[in-house]
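In: Sequence and predicted structure are below.
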Amino acid sequence: MLLGNKIKQLRSEHGVLQRELAALLEIDMPMMCKIERGKRRAKRKHVMILADYFHVDENEMLALWLADKVLNSINDEDDGEIKNAALKIAQGIIS
């Protein structure tokens with residue numbers, strides 16, 4: 001949902017409608033809505049197109065995209081202790 005929030009923020013700041021982004025990405029409106037709400041993940045190529053369109057750092061957008069992938073994987077795990085341990089390990093590797 002991190003990427004979806006960023007897309008929504010950028011859309012708001014630039015006065016862009018969801019349907020305009022859907023056309024840019026060559027996807028339908030329901031898919032664009034789901035990406036923005038975090039119900040579906042954007043493809044990597046879509047992230048790159050959005051970064052270029054909004055003139056934002058590609059690495060920042062890709063980091064949000066990857067963070068969403070990690071969070072989705074962790075959220076599938078039932079054990080909260082394991083989730084926390086996995087996040088600490090990932091933070092240690094990134095830092």
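Out: That came in fine, so what should we check first? Just so you know, these numbers come straight off a predicted model, no measurement behind them. Residues are numbered from 1 along each chain as shown.
In: What residue in the chain is the furthest from its centre?
Out: Within the chain, Glu81 marks the point farthest from the mean C-alpha position, 25.1 Å out by C-alpha atoms, centre = their mean.
In: Buried residues of the worst-scoring helix or strand of the chain on mean pLDDT, list them for me.
Out: Counting by mean pLDDT, DSSP states H and E, the weakest-scoring helix or strand in the chain turns out to be helix 80-94, with a mean of 73. Across helix 80-94, burial judged by 16 or more other C-beta atoms under 10 Å covers Lys83. (C-beta placed from N, C-alpha, C; glycine too.)
In: swap in stretch 41-53?
Out: The neighbour-count criterion (16+ other C-beta under 10 Å) identifies Arg41, Ala42, His46, Val47, Ile49, Leu50, Ala51 as the buried residues of stretch 41-53.
In: Identify, from the residues you listed, the entry nearest to Leu24.
Out: Ile49 (6.5 Å; C-beta to C-beta).
In: Any chance of the buried residues of stretch 41-53 in a markdown table with pLDDT, distance to Leu21 and secondary structure as columns?
Out: A markdown table is the format used below for those (pLDDT from 0 to 100; distance: C-beta to C-beta, whole Å; DSSP: H, G, I helix; E, B strand; the rest coil):
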| residue | pLDDT | distance to Leu21 | secondary structure |
| --- | --- | --- | --- |
| Arg41 | 91 | 15 | coil |
| Ala42 | 94 | 10 | coil |
| His46 | 97 | 9 | helix |
| Val47 | 97 | 12 | helix |
| Ile49 | 98 | 9 | helix |
| Leu50 | 98 | 7 | helix |
| Ala51 | 97 | 12 | helix |
